[in-house]
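Participant: What shape does this take:
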Amino acid sequence: MSQKTSEKIENIYPWINPVGGYGDMLIVSGVLKRVFDKDPSRKYNLVRRTSYYKILNGHPAIVEYGYPPKGAEIQSVNYWHMEKLGPGIRRPYQVLSRAFGLETPVDEGLFIPDEIEDDPILHNFIPWKKKNVLIAPTSDSPRKIMKSSLWEPIVQHLQSDGMFIIQVGRLNDPLIRNAYSVRGLTTPQELVALVRKCDLVITSDNFILHAAHLAGVKTVALWGPTHHLVYGYPEQFHIQPSRPCGLGIDEECIGPSRNDGGKLYATPCPLKEIHCIDQITEEEVYNAVQKVL
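Facilitator: You can find the predicted model right below:
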């Protein structure tokens with residue numbers, strides 16, 4: 001059952017003002033579920049934002065969905081501004097858990113409220129094979145994206161081994177040649193269902209990275225400006241090239257200390273041909289796939 005929706009709500013519960021991408025919302029949703037399971041009286045209202053409603057609709061810890069009255073209590077979920085991020089207990093999930101009063105470390109379980117069901121039309125239309133690999137090459141930040149010309153030989157190499165390659169993402173994302181595209185055809189819940197039907201995910205640092213962890217699907221994760229020890233998951237196979245800019249594990253060009261209020265996040269890497277994620281090779285990805293499968 002979905003939450004009640006209204007323009008202005010007055011009740012005793014604090015408000016959550018969602019920010020970030022779908023992956024961030026999966027983290028928020030997982031932490032909220034843990035808070036609610038520990039104490040069912042801990043509930044919240046959610047500020048109305050269309051895109052985030054898809055992730056948090058039906059969450060047991062969310063009472064109302066709308067606009068907060070003047071003076072309402074706001075619970076921040078901006079984990080990147082709460083503490084200096086890093087490995088271990090400085091990971092985003094752990095930082096956000098502490099912000100909600102949980103003792104850390106905690107298991108980083110993610111959560112989507114709605115029942116995740118296959119889309120029969122889409123899934124029956126896809127020409128599945130014995131081995132199916134889902135690729136998610138893009139991100140909200142250009143600095144997390146490996147160029148398409150590096151993805152194409154990876155797809156070709158895997159296809160030569162008899163694997164079927166499905167590309168997900170936004171409708172206007174660049175098409176990786178020879179991949180079967182379902183870009184722009186799925187909701188977040190449908191994406192998770194699609195991930196669950198695949199044998200392997202190959203992804204950059206984006207929503208699908210977190211969705212694969214939620215779905216328990218084997219993953220090869222490609223990293224660049226962000227670091228797998230901070231944002232990735234232990235069960236995933238991580239390819240983390242060295243950074244020509246010299247930034248360390250707990251540093252990133254698009255992190256809060258360098259991002260200047262978000263101005264750099266949507267810009268390409270100024271290093272161009274030595275952009276960190278573009279140093280990943282076809283052989284590294286192919287060998288990782290062989291190890292994981």
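Participant: For Thr187, which non-adjacent residue is closest in space?
Facilitator: Sequence neighbours aside, Lys54 is the residue nearest to Thr187 in space, at 5.8 Å (criterion: Cβ to Cβ, 6 or more residues apart in numbering). Every C-beta, even on glycine, is put in place using the N, C-alpha and C of the backbone.
Participant: Provide the count of other residues in contact range of that neighbour.
Facilitator: For Lys54, the count of nearby residues is 14 (other Cβ atoms under 10 Å).
Participant: now do Leu150
Facilitator: Leu150: 18 surrounding residues under other Cβ under 10 Å.
Participant: and whichever strand or helix holds it, which residues are buried?
Facilitator: Element membership for Leu150, per DSSP states H and E: helix 148-160. Residues of helix 148-160 classed as buried by neighbour count (16 or more other Cβ atoms under 10 Å): 150-151, 154-155, 158.
Participant: do stretch 84-102 as well
Facilitator: 85-86, 91-100.
Participant: Check those against Val77 and report the nearest one.
Facilitator: Leu96 (6.4 Å; Cβ to Cβ).
Participant: how near is the closest one to Ile55?
Facilitator: 15 Å (Cβ to Cβ, to the nearest Å).
Participant: Return the distance of the residue nearest to the spatial centre of the chain relative to Ile74.
Facilitator: By Cα atoms, centre = their mean, the chain has its centre lying nearest to Phe207, at 2.4 Å. According to Cβ to Cβ, Phe207 and Ile74 sit 25 Å apart.
Participant: Then Cys276?
Facilitator: From Cys276 to Ile74 the distance is 36 Å (Cβ to Cβ).
Participant: between the two, who's got more neighbours?
Facilitator: Per other Cβ under 10 Å, whichever of Cys276 and Ile74 has more neighbours is Cys276, with 23 against 12.
Participant: What residues does the more buried one make contact with?
Facilitator: 224-225, 241-245, 269 (Cβ atoms under 8 Å, 6 or more residues apart in numbering).
Participant: Can you list the low-confidence ranges for the stretch 1-150 of the chain?
Facilitator: 1-11, 115 (pLDDT under 70).
Participant: ok, which stretches of it are helices?
Facilitator: 22-38, 50-56, 92-99, 120-125, 148-160 (DSSP state H, counting those that start in this stretch).
Participant: residue contacts, Pro188?
Facilitator: Contact analysis of Pro188 by Cβ under 8 Å, 6+ apart lists 22, 54-55, 112, 207, 211.
Participant: Let me see the ranges of the strands in this structure.
Facilitator: Here the chain has its strands, by DSSP state E, at 4-5, 15-16, 44-47, 62-66, 74-75, 131-136, 163-167, 180-181, 200-203, 219-222, 237-239.
Participant: Present the ones you listed as CSV; the columns should include distance to Gln290.
Facilitator: Shown next, in CSV, are the strands of the chain (distance: least, Cβ to Cβ, whole Å):
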stretch, distance to Gln290
strand 4-5, 49
strand 15-16, 43
strand 44-47, 43
strand 62-66, 43
strand 74-75, 45
strand 131-136, 12
strand 163-167, 11
strand 180-181, 21
strand 200-203, 11
strand 219-222, 10
strand 237-239, 11
